[in-house]
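Student: how would this look folded up:
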Amino acid sequence: MNKIAEFIKTNRKEAGLTQEEFAIRSGLGLRFVRELEQGKETVRMDKVNEALAMFGMEAVPGRRMIDGG
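Tutor: The predicted structure is shown next:
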């Protein structure tokens, strides 16, 4: 599972929200929330940022870190 998916799922659960409740509050579709939490790689970044905004976060472009250095 990628880090964003893990972050969303963990924080959603800590907030006491079901996937459906999170989708409604964030203005996103339930299918998108499910796919995001499953780590689907082809999700739209604008929607990812809408989900992250629920927790005061944002995904920004950057270089990938390679293990070990």
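Student: state the helix or strand in which the most centrally placed residue in the chain lies.
Tutor: Most central residue of the chain, judged by C-alpha distance to the mean C-alpha position with CA atoms, centre = their mean, is Ile8 at 4.2 Å. Taking DSSP states H and E as the definition, Ile8 sits inside helix 3-14.
Student: for that helix, buried residues please.
Tutor: Ile4, Ala5, Phe7, Ile8, Lys9, Asn11, Arg12 (16 or more other CB atoms under 10 Å). Where you see a C-beta, it was placed from the backbone N, CA and C, and this is true even at glycine.
Student: where does the residue nearest to the second one when sequence neighbours are not counted fall, secondary structure wise?
Tutor: Leaving aside its chain neighbours, Ala5 sits nearest to Gly39 (4.2 Å; criterion: CB to CB, 6 or more residues apart in numbering). Counting by DSSP H and E, Gly39 is held by no secondary-structure element, helix or strand.
Student: report how many residues lie close to Gly39.
Tutor: The burial metric for Gly39, expressed as a neighbour count using other CB atoms under 10 Å, is 14.
Student: if anything else comes up later, I'll come back, but that's it for now.
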